[in-house]
Structure formats: structure tokens, C-alpha cells
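K.L.:
Sequence and predicted structure are below.
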4 protein chains.
Amino acid sequence: MPTPITNHKPPTTSHGIRAAVLPAPGIAPEVRSYSLPEMENGAILLRTIASEVCGTDVHLHHGRLAGVPYPLIPGHVSVGEIDQVCGTVLDVDGLPLQTGDVITFLDVHGTCNSCWYCLVAKATTRCPHRRVYGITFGADESPGLSGGWAEYIYLRPGTKIIRLEPGVTPDAWIAGGCGLPTAVHAIELAQIRLGDRVLVQGSGPVGLNCAALAMLSGAGWVGVIGAPENRLRTAKGMGAVWTMDVTTTTPEERYRAVRDATGGRGPDIVIEASGNPLAVPEGCALTRDAGRYIIVGQYTDNGSIELNPHLHINKKHLEIRGCWGSDFSHVYRAMQIAARFGKQVPWPSLISRRYGLEEVGQALADVEAGRVVKAVVVPDSA
Amino acid sequence: MPTPITNHKPPTTSHGIRAAVLPAPGIAPEVRSYSLPEMENGAILLRTIASEVCGTDVHLHHGRLAGVPYPLIPGHVSVGEIDQVCGTVLDVDGLPLQTGDVITFLDVHGTCNSCWYCLVAKATTRCPHRRVYGITFGADESPGLSGGWAEYIYLRPGTKIIRLEPGVTPDAWIAGGCGLPTAVHAIELAQIRLGDRVLVQGSGPVGLNCAALAMLSGAGWVGVIGAPENRLRTAKGMGAVWTMDVTTTTPEERYRAVRDATGGRGPDIVIEASGNPLAVPEGCALTRDAGRYIIVGQYTDNGSIELNPHLHINKKHLEIRGCWGSDFSHVYRAMQIAARFGKQVPWPSLISRRYGLEEVGQALADVEAGRVVKAVVVPDSA
Amino acid sequence: MPTPITNHKPPTTSHGIRAAVLPAPGIAPEVRSYSLPEMENGAILLRTIASEVCGTDVHLHHGRLAGVPYPLIPGHVSVGEIDQVCGTVLDVDGLPLQTGDVITFLDVHGTCNSCWYCLVAKATTRCPHRRVYGITFGADESPGLSGGWAEYIYLRPGTKIIRLEPGVTPDAWIAGGCGLPTAVHAIELAQIRLGDRVLVQGSGPVGLNCAALAMLSGAGWVGVIGAPENRLRTAKGMGAVWTMDVTTTTPEERYRAVRDATGGRGPDIVIEASGNPLAVPEGCALTRDAGRYIIVGQYTDNGSIELNPHLHINKKHLEIRGCWGSDFSHVYRAMQIAARFGKQVPWPSLISRRYGLEEVGQALADVEAGRVVKAVVVPDSA
Amino acid sequence: MPTPITNHKPPTTSHGIRAAVLPAPGIAPEVRSYSLPEMENGAILLRTIASEVCGTDVHLHHGRLAGVPYPLIPGHVSVGEIDQVCGTVLDVDGLPLQTGDVITFLDVHGTCNSCWYCLVAKATTRCPHRRVYGITFGADESPGLSGGWAEYIYLRPGTKIIRLEPGVTPDAWIAGGCGLPTAVHAIELAQIRLGDRVLVQGSGPVGLNCAALAMLSGAGWVGVIGAPENRLRTAKGMGAVWTMDVTTTTPEERYRAVRDATGGRGPDIVIEASGNPLAVPEGCALTRDAGRYIIVGQYTDNGSIELNPHLHINKKHLEIRGCWGSDFSHVYRAMQIAARFGKQVPWPSLISRRYGLEEVGQALADVEAGRVVKAVVVPDSA
């Protein structure tokens, strides 16, 4: 249980810190009040400016992820202003973080830098000690306030923090959300070369960001297969030059249309960002022979599909790369990209609506129904 | 139709050139007689010393491959002695090939070096102009004698030829057969690092060669899952330190046993060389997180399997590489490897039995039944 | 000696084919007249629209390259309209080339696809059989007309040809010149990631194209060190955000300024495109630790420099990649890039002046003096 | 200053902990006595079994490295038995380390996992916070006992520790010494393929280990250029098939001999492990065109050399990789390799002589003179 405040001036009024909480799978979210944790050395108290609602939050609401400790304050990607720093906390450039800095942070905490996955395989996103703000830190687990759907977030010592670069507004960053670092990782694995044709399956936040980053990487052609129509329009604004509605076409029609749009051979690179398992065999077939297929959208278990190893992989000489998680380098590069390319990519336009803490139930429903591209929680808006 | 001999001394007696032929799918092979083609400039006439019977030949016999022009003289990997050279033909070192040289050659002919796959994608094994000796050159297609199950093979101009290195006997080379260059390609994609744990699925010629090459690459542990028992014993002779019989175990037992044998995490690299589609989801599961899975065994269409993209690929951060075909570099490296490591790897021991041209029906039956590891056709043994 | 025309209608008047010729090292160029070669099957006769004058041509004029057979018709990168096709000649997509097509071609001819470098090392730019239009085919060597500073160019069978994409004018292509494919190769080796900082040493055609392609690849910062001032202004138009004049600064000043402009650590990637050997130790020092240094500018032997292996390479954990030559993939990608990004990159603005065949002496002098960015020879302008 | 022992039973007698100390540059080493540090949580006290004398120690003795805090207890790679564990300390497999375990450890301590080099560049060997046991921890710096030439070593919390694998004796490990993990890193960068020809420059511990690991990686040919004759004999025992004495030959003779031994083209990969700067231009010239050159031997500043960027790098299309430092993955892999290949590679035979603490002056002299291959300090042997 979070400990009571003793050694510092409470930043809030007598009502305590308000947070939107998922009490348990399937139960409607409610607003609860928490006291501030006692600050450890190296910790930071962050006044939340904005937090994200993403597809994972819908899964959390329905209880589809294993190992989640309810009740839970969701919100894994957030932006805030530093309210307090306990001791000295440095950023990656060795500069101290200070009260008033507007920052964001890697949602993953506790990558151990001691286990075999961290040290030998150098696959830190598979470190078994990783914990995630807003997902695997429970609301009642000390020190508490570990999710972004709250007026304040308590950043434990060791949290990987980065300042928003000049020109990157909280809106721009939260609009990119977890989708942007995820896309940075996927694009890193995609190894796009100048002029390559890149197809993205899925027009949610990850897919839209992948399309934008493929364009920024110098792809010669960027296509998006997705839905609904308004997201496909957004995709064109983000950098796609070709889109197709997955809900009104057959796989055969899509295959034919993609072949026609890509010189008859298919895209050099295809990125799966839809989360629909059926996209995987279709994506294998769509990729050109000896091309590369990145699977970044299958973050939850939506079941199995049929795949023909001979036709889909072996004979095509296909390379497939699963892409799991983000590390700090992806957040860092995402920030550089947001700062450098903010004029080319209209990230803030992804934000469809802002919600107060009392409205997160509506936010979850809107995200689930696809009525919004990006829903943002603004804790002090209530 | 092959043209009659006119301008050179026939190397054979009046009976013509004898060859074992597959008349049509499902029809028993028979021995037919052919005249020698007229030699074009750059062509070579090869007296066959030995030719291979591989699993592909069984598929050819049953008509399972598309685009095969029957009647067919099978035999894609062969060793022979040069009988005639028409004009000057150079090897990759620029040295002229001469009568009496004992050579082998890349079974693929006609990689065009002009199309998009050859020149831009640099994926020459997907060049659409490739033709294959013993598979896609028909027996009645001019100039003829385009398969190894014959007393002579006509090597068209442009065939990629290599001398057997000193110490590499025809037996050693043909024992490696097409499996050795195929394994060289798979191991190249596997990018094994010293001490890596490598598991091979399948104990046929490709699997056994993969095990040997993994060992030679400095793998810290090499395991083979396959059958029958005699092939698993052979696997140990080739370099495996651990084997398991796929016919007497369940996937769960294999999963547990492999985990136990690999430090609890699974092999760093798994190579699919069984040809059984069911091996693919099992191989994904067996590979450690963030490991690499090479699929080289699915050379024919044996149907679809169920795969869970979340569990098998995305969450594991798995890399999968399909491996199709061989190019000359793989044959060249295979030759260097056979010469350098002939004392460490007992390739000739893979040869279970030799067959004359009249016995190829028996050879096909023996290969199909798994009664032999490597069956070799010796045309002049009859 | 080129053979006389016999079997086709001469495309020109009685004066023969006019070409600008370098008679011998150090001798002024002169215009000579040639007859058309007899067309072999697979050959193409190209009416020259424009040809390039590059730094190599200055070296040719001074006799600084070994193995050049004078007299020589220079001009290795050219654009023309097909006047005649002898037989059927296909492009990489398998489509036949036809009279009237506006095309360019890889200046390298005869990459053999048979030697160890081509087939095993897959380092085709080191194939010893390569010959280069305008450089190593002499004017008096049959079939002749093998350089672009002529009214017609004879393209031998096997020349790798590509049509100008819609939207790519001859001006745009020749402005890119040999610098664009060269830069495509260098950028391929550079493996830029989104947001990387990239510094280019040199503001000649290769350097300017590298700056443009680094920008198109999503670099977060592109700097150019070069001279004179007008080329640095051009560099900003091509994509650089930072430039420094090499003629008015010391290495120490440049080191300090680059560090200040790149977060104190130095660029992630530095590309040497100046041709000055002194740039190499400076470039090593400028690159950040564990960064990558591409050396693409040292195409002629300008002597040795002092380098400290400990400080410049080993302790920095530096990766250095020499980049020699271009293959067809680089020309193909260059064409895709020119078509896709022609609105972002003002290639035609690089052309400073056009010269007729009689004026090539002036063109060489202007290039040598740096008075022009790109000089273009227009054979029919006289 | 190390703090006095208070809370645990001193493992030693009344004389304190004896250690060999370098008082200052150029001053002869002497044996001093230290008290045990107070154990922090996470610390381990190690009874030294053996420690290494390497070339770096000679440099330390002469004061050739910057930033070394004298007086110094040298000895960066060591093997010992755990005497005490304060709290719970886990290895990379999550298993607790215990009294009596025989272990070794990464000599680098304090890689921060927080700076830009650690988190973004993922170049942890360039982390500016690294400290090194036996090199940059002074003898008088608290908590003390930070070098291996002492009866006990104090392992600070966070030290990366690994148990000796079954079959790996302390002798075998210390014989490999720092040269083995260094070679693991170099070989990782070398990316040897089966059958590649590999040349090593230098026959000291790093060079000998590189030769052994190249052989284990499946190189088709391993050559060593070095001296004196006894080390070249050792090289053959470690896996080289060809050696040449650098002291009795000219660069031209070596160039010719290496070309003759490598098919006329030169080795595919050359590894610089001599520390002589002159080896670098020679190594560039020796490597085949489009080959790879690893520079791992230039750990101290021995001055500059002349290099021709055109001939040595650009025209050769050469790739050069500087290799700095080792991380825990290299120590881990080194241990796996030592366990797996201990029968193939006679590591213990590298040990020429053992020295007590009083004899380290002699050890330094012997190493400097090349009279020994590997000198080992055995603290309790006095």
C-alpha cells in the first residue's frame, strides 16, 4: 500500500490525488483518491499533463492480459511536468532533471541489466524483470501512483526519463503515444532502403506511425491496408500514397491491387500492425520474394491462423521479424524524430478527443469502437 | 530433340548413351538410349562418375512438382570426369577446364544476371529464368542429356563448374550431395556465433549436413530431432551431441527435453530441415526468445499448419528466415569445407548403397522408405 | 578500329559521328569524326542527349589514371534516345527497349558473373573484367563510340540499360550524374537510422548527393564541410542544415564546431567525399565513438596521410567502410529516387553550364577550377 | 582509504592482506599489506587463486596509460574462490553465488546503463563511467583491494561474476586471460564464414586466442604473422596452419607469401593483434579486396603511421572495424568456449611461468621481453 506523505509539502488539495482506476476485469473504471508516496532518493513526482488511451488499455479493461494486478491505474505513456525531484536524477546526457521540466519516460521499468537476456542476448525487451507503468504495477502496490490516468505519477528511481525537445508539444508527443516508439523499433528492424516499397497492414496508431516513419526513411512507396475510411485518410496525411479498405475487399482483391501498385512483384517490406492474426499469412503472401516481413501488431493472443510454410516462407526466401517491446533507444529516437519532422508529420491531428478522469469509460468505449484515432486523458480537465 | 552426333568422336559404343528416365508421373523409371548432342562453344561433355538420389527425385517420380517436363533424366547433383571441352571454359579462378578433370557443377543453370531479382534484389535464387539439371530440363529437350542418371551429362555453356579439391573424392562429394550446399546456405543465414546452441529438426541429408556445419561453425551444442534411430546415430557421427526420436515422443516431451538440454531457455538457433510442416510451429516454440529460426526444409508443398502469430513470433521477438535454393557460392564453399574438414566429418559414411541405372526404381523406393541415408546412382556399374 | 557502316541506314550526315577526344595525357581535347560501328545482335545505338563532365575526366585529361587507352572519348554517364536496337534487348523488368526510348545505362560493362569476386565474394565492383564506358574503352578500340562526349554512343550487348522514369528529365539525371549512384552506394553502406546525425566531407557532386540522400533517409541532422561558398549554399538547398568552409577554418575549429553542432559527441555517421587524403584522419576524429565512417571520395591516388590507429580507430571502436564503384542496383535505385524525390531535391539546379563538343576543354578547366558544380556536354548544341 | 574490518571474521592472519603494488610509474613493484574492506550489501570477497600479467600491466608499470591512480594493485583478470558474500548476489542465470564457488568476473565495473552510449548507441564499451579492476581503481581508493595481484579481491556490488564451468580449471581460464574475451569480441566483429581464410597479425595472447577462435569458427585457413619462433609454434598448437616470423621478413616478402598461401587474393579477414601501428597499413594491403580488417591490438598509443586512403581502403572496398573493450557477453561466451573446446585448444599450455607476489617485477620484465607467453601471478605461492 502507498505510504502516507510525511516529508514534503503535498502538491495537491485536501481531496488527495485523483486517479482513474480499473477495479477488476470487466468492471467499469472509477475515480479514486490516493495520498502521495514518500519520495525515495532518485524518485521524481510528475504532474500529469496528458496520458494515452491505447488498444492495450481496452485489453486491460476486459482482462485479456495475464499477470495484471488489479485494481490498476492505466496509462503507460504520459507527459508531465516535474513537481519534485528527490536527490539528483540525470538524463542520458548527464544533465540533472529539475522541477518544471516537461518530460516523458519509458513505460518499462526495471530492465535488470543483470540477466542473460540483458547481458548476453542483448535482447532487453525480453528481460523477465521488466515491469510496466500503467500495466503491471498495481494501484495498491507500494509506492503507488504508477499509471498515467492520475493527477500525479510517481516515477521510481531508475525510470528512464527524457525531456520533450523544443518544438515537441505535450499534444504532439501524446498523439504519437506508445505507437511512435513501437514504430521506431519496427522500422529499425525493417531496414528500409531509399526507394523501397513499404506496405503497412493496419491503420491504428502503430500502423499510422509506421507509415509516417517509412515515408521519412525514404521509402519510394508507402501503402496502408486498414479501416475505417477516416483512418485511411489520416494515413495519407501521415505519408501513405496508397490505401485500401480491408473491410470492403477480399484478400484476393488486395493481393491483386498491391501487386499492381508495386511493379508486379509486391512490396519490398511489409509491416503487420493490425493485430488481426489473419493478416499474417496475407502479409507473407503480399511481400515480394526475398523481402522482409515485420510483425509488430500481434501484442495480444488473438488465436491461431493457417500458414503454409512452403508457399509463405521457404519458397519465397522470406525473412520475418517479430518485434516485441521498446527500449529507451526507441523513445529517445522517437523524440528526435518528433522534433525534427514535426512539420512534415501532423502528429497532433491524430488526437480525436480529450477525456477527463471521469470520462475514461467513454474513452475506452470510443477506442474499442474505432470512433477515435487517438484518445487522450487529461487529468486536470475535469 | 537432341541432335545426332556429327562432329566429334562418340565417346561410347554403338548402343548410344544410356540413361535412366522417368517417363511420366507415377510411371516406373526405365533405361533409354540417347545420342550425344552436338557440342556448342563453351559446352562440356562429362562422363558421369556418380549422381545423387535425393528426396526431390521421389517427388519427381510422384509428379509432385509443378513445371517438370517429362520424360525426365533425374540427377541434379553429380560428379564426373571431363570427356570433351568445346572451346575454352574457365573456372572461377580463371583457369581452363580440361579433359580428365574431375568436376561437379551447380545444378541451377541460366540465372540471368539481367533481371530485377538478379541485379537489384540480389536474390539470385529467385531469378525466374533459372533452370535445373535433372529437374526442369526435359529428356527430349534439345540439346539433351541434362540429368545425372546417365552415362554422360551435357553441360551447356555458362554452367558453373568446379573441380573437386584434392582430398575430396567423388564419393565424399556425392555423399554431401545437394544437402551440403543447401546446408551451407542455411548456415550462412543462421549466423551462428561461437558457443551458440543449435537445434536441427530433421535427420535427412539436409539436416545431417546442417548439424555437421553447425558443429564446424563452433556451436557450443548441436541437437537433432529426427528419425529413424540409425539416422540419429549418424547425426552423432556428424557432430550432434544430442538427439531425440520424433516418432516416439510428443511435442510436449520434446519441448521439455530441449529446454532441459539448453539451459532452460531453448536453442539460440533452430534449423527446420524435416520437410514436415508441423515442425514449423514446434520449431518456433523451441527457439529461445529473440532467437533465430531458419526454414530450409519445406521444399515442397506439404500443406498448411496452425500458427499463433502472437505466441510463436511477435512476443518471442523471433526472427525467421526462409532459405530457398543455392547459388554457386554455396557450392564453392561446400567444396572448400569438404576439403578442409573431410577428416572431421565422415561424409562418405552417409552412402548407404550404390545403384546401377537399371536399379533406380529400387533407389527411389529405398529413399522414400528411409531405408537409406544417401542413395547414389553409378551409371557405369551396370 | 571501328568498322564501317554496312548494314543499316546511317543516322547522320556525311560528316560522320562527331566526338570530343582526349588524344593523350596533357594534350588538349579535339573533335574527331567516326563512322558508325556495325551493330551486333543485342547492341543499341544511342543518340546522345547529354553527357557528364566529372572530376574523373579531369584526372583522365592529366593522365592520372592507370590503364586508360588513349585516344579516349570521355563521358561515362550519359542520357540518350535510342536510335536503333539490334535484335531484342530487355530491361530488368523484361520489357523490350525500343527506338525512341530515353535511357541511361551503367557505365560499367562486362562484370563477368563468372569470377570469384562476382560469384563467391559477391563483390562485383571488384570484378577484374569490368570495363568502363568513357574511361577504359579506347576511342580506337573496336567497335568504338564508347564514350558520351559524342553525338552517338554504341552500347555493346550486355550493357545494363534503364529508361528514365516519368518525371525524370535528362537534365535531372545528368545533374545527378555519376555522383548520384555513387552516393546511393555510400548511403547503403552508411545504414543511416532515423534521427542519426550525418556529416559529409566534400561539397562536389558526390558530397552534395550524399547530403541529399542522407536527408531523404531521415537523418536528424546533415552537415557539410566543403568549399567554395556557392557549393555550400547549394548543399543547403540539397538538404544540409549546417555547413562549414574548409578553406577558412582549421581542423581544430572544425572539430569544435562539429562537436557543438552534434550534442558534443560528434556525428553518428561521417561520409568522406572530398578526395583529399587529409580528410580521412580528420573524419575519423570527427565521427562519434562507435560510429561509422564511409570513405567514398578517394577515387584517385592523392598520396598518404598520417593516421593514429589507436586514437583514430581502435579506441573509438570505429567502423570504416571503403566504397568502390557502383553496380546496376545503384543506378536503378538512383532512378527510383530521382523520380520519387525530384520535387524535394533540386537536382537540375546543380547544372552550372552546358558545353558543346568544341567546348569540352573549357568544361574541363571549369570543373578543375571549381567554377561550376556540374558541367554537362550537349553534343548537338554546337 | 579502505576501512578497517569490523563486522566479519577476518579470513587472514595478523599480517593483513598482502598485495603487489605499483607505487608509481617507473618505480619497482613492492608488496604491501592491507586490511579487509567492510563488506557492503551485494559485495563479494574473493580469495585469489590466480591473476594475470598482461601487456597492459607492462604499460602500467611504465606509466603509459592516462588516468591511472597510483599506487595501484594490478591484475584485471583473475580467478578466485568466494570467501564471503554479503547479502544475495545472483549470476546471470539468477542463481545465487555462494562461498566456495570458483569464479571469475568482468574486469570492467560500473557500466552505467543510463548514459547515451549505454542506452542509445548500445556501445557499452564506450560508456564513460566504466572503471576497471587492476587499472583504474587505485590501491588507496576506498574500499580497496581492487586488483588481482593480492591474496584477496573485493568485488563491489554490481560486479559481473561468472562461475567457472565444469572442466574449466583456473589454469585454463587464466591462461586465456583477458586475451580470450578480447578475441571473442574481435571474432564477433570478424563474422567469419565457414571456409574463410583468416590471417592474424601478432602472436601475443590476443593474437593466439584469435587464431584459436578463427579455427573453431570454421575458417578454412588460419595464418599468424608474429614472433618469436616459440610463439609461432604455439600458434600452430592453437589452430594456425601457417605462420611467418615478422622479425626476419620484409613487408614485401610477407605480402608475397600471404598471397601465395591464400589463392592469390589474400585472406578474407585479417585481424590486427600485434599492437604495432605499422601492422595497420600492412594489414590493409594484405586483406583481399572487399574483405574485412579487424583492429583489436592497438590498445595503447604507439604513434602514427602512413596510410594511403585510396589504395588501402577506398579502392579495395575494405571494411575496417576497430574493437574496443569487452562486455560481459564476451566473458560469458569465452567461458562457454573454454568449456566446450578445452580438449581442442591447449589453453593451459600458454602458461610459461607462475610468479609469487614478490616476483611480479620479474614477471613484468619477462612479459616485456617476450620471454613468456603467459605469466601468471599466484598470490599464495610465496
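P.N.:
Done, it's in. Here the structure is a predicted model, which is why all the values come from computation and not from measurement.
K.L.:
Distance of A:Leu194 relative to C:Phe341?
P.N.:
The gap separating A:Leu194 from C:Phe341 is 9 Å, by CB to CB, to the nearest Å. Every residue, glycine included, has its C-beta placed from N, CA and C.
K.L.:
Neighbour count for these two, which is higher?
P.N.:
A:Leu194 (23 against 19; other CB atoms under 10 Å in any protein chain shown).
K.L.:
The strand of greatest length in chain A - which strands sit beside it in the sheet, and in what orientation?
P.N.:
As assigned by DSSP state E, the longest strand anywhere in chain A is strand A:44-53. According to DSSP bridges, strand A:44-53 has the following sheet partners: strand A:78-85 (antiparallel), strand A:152-155 (antiparallel), strand A:374-377 (antiparallel).
K.L.:
got these as JSON lines, with mean neighbour count and distance to B:Cys323 columns?
P.N.:
JSON lines is the format used below for the strands paired with strand A:44-53 (neighbours: other CB atoms under 10 Å in any protein chain shown; distance: least, CB to CB, whole Å):
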{"stretch": "strand A:78-85", "mean neighbour count": "21", "distance to B:Cys323": "44"}
{"stretch": "strand A:152-155", "mean neighbour count": "26", "distance to B:Cys323": "46"}
{"stretch": "strand A:374-377", "mean neighbour count": "25", "distance to B:Cys323": "41"}
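K.L.:
For the ones you listed, could you give me JSON lines that also reports mean pLDDT?
P.N.:
Converted to JSON lines, those look like this (pLDDT from 0 to 100):
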{"stretch": "strand A:78-85", "mean pLDDT": "98"}
{"stretch": "strand A:152-155", "mean pLDDT": "98"}
{"stretch": "strand A:374-377", "mean pLDDT": "96"}
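K.L.:
Can you read off the pLDDT for the residue of the stretch 201-350 of chain A found nearest chain C?
P.N.:
The minimum distance from the stretch 201-350 of chain A to chain C, using CB to the nearest CB, falls at A:Gln336 (3.7 Å). pLDDT recorded at A:Gln336 is 97.
K.L.:
mind listing what the residue nearest to A:Trp221 when sequence neighbours are not counted touches?
P.N.:
Nearest-residue entry for A:Trp221: A:Arg197, 4.2 Å, with adjacent residues in sequence omitted and distances by CB to CB, 6 or more residues apart in numbering or on different chains. Contacts for A:Arg197 (CB atoms under 8 Å, 6 or more residues apart in numbering or on different chains) come out as A:219-223, A:262-263, A:266-269.
K.L.:
Please indicate which of those residues has the highest neighbour count?
P.N.:
Neighbour-wise, these (other CB under 10 Å) top out at A:Ala219, 30 neighbours.
K.L.:
Backbone dihedrals for the closest residue to A:Phe105 other than its chain neighbours, please?
P.N.:
Nearest in space to A:Phe105, with sequence neighbours left out and distances taken as CB to CB, 6+ apart, is A:Ile161 at 4.6 Å. Backbone geometry at A:Ile161, expressed as degrees, to the nearest 10, gives phi -110, psi 150.
K.L.:
Now do the residue in the stretch 101-250 of chain A that chain B sits nearest to against A:Gly144, distance only.
P.N.:
The nearest approach of the stretch 101-250 of chain A to chain B comes at A:Ala123, 3.4 Å away (CB to the nearest CB). Counting by CB to CB, the separation of A:Ala123 from A:Gly144 is 31 Å.
K.L.:
A:Gln344 too?
P.N.:
Taking CB to CB, one finds A:Gln344 at 40 Å from A:Gly144.
K.L.:
And for A:Val378?
P.N.:
Distance, A:Val378 to A:Gly144, by CB to CB: 21 Å.
K.L.:
For those two, work out which one has more neighbours and name it.
P.N.:
Using other CB under 10 Å, the more surrounded residue of A:Val378 and A:Gly144 is A:Gly144, with 22 against 17.
K.L.:
what's the spacing between the more buried one and chain D?
P.N.:
With distances taken as CB to the nearest CB, to the nearest Å, A:Gly144 is found 24 Å from chain D.
K.L.:
Is that residue part of a helix or strand, or is it coil?
P.N.:
Here A:Gly144 is coil, with the state taken from DSSP: H, G, I helix; E, B strand; the rest coil.
K.L.:
Over to it: give its phi and psi.
P.N.:
phi 90, psi 180.
K.L.:
With adjacent residues omitted, what lies nearest to the residue nearest the centre of chain A?
P.N.:
In chain A, the centroid-proximal residue (CA atoms, centre = their mean) is A:Cys178; its distance is 1.8 Å. Nearest residue to A:Cys178 in three dimensions, chain neighbours excluded: A:Val77, at 4.5 Å (CB to CB, 6+ apart).
K.L.:
number of nearby residues for the one you found?
P.N.:
28.
K.L.:
same check, this time on A:Asp260
P.N.:
Other residues lying near A:Asp260 total 9 when counted by other CB under 10 Å.
K.L.:
Surely it is within a helix?
P.N.:
Yes - the assignment for A:Asp260 is a helix, going by three-state DSSP.
K.L.:
and it, how far is that from chain B?
P.N.:
Distance from A:Asp260 to chain B, by CB to the nearest CB: 16 Å.
K.L.:
Contacts only, for the residue nearest to A:Lys315 when sequence neighbours are not counted.
P.N.:
Leaving aside its sequence neighbours, A:Lys315 sits nearest to B:Trp324 (CB to CB, 6+ apart; 5.7 Å). Taking CB under 8 Å, 6+ apart, we find B:Trp324 in contact with A:314-317, B:125-126.
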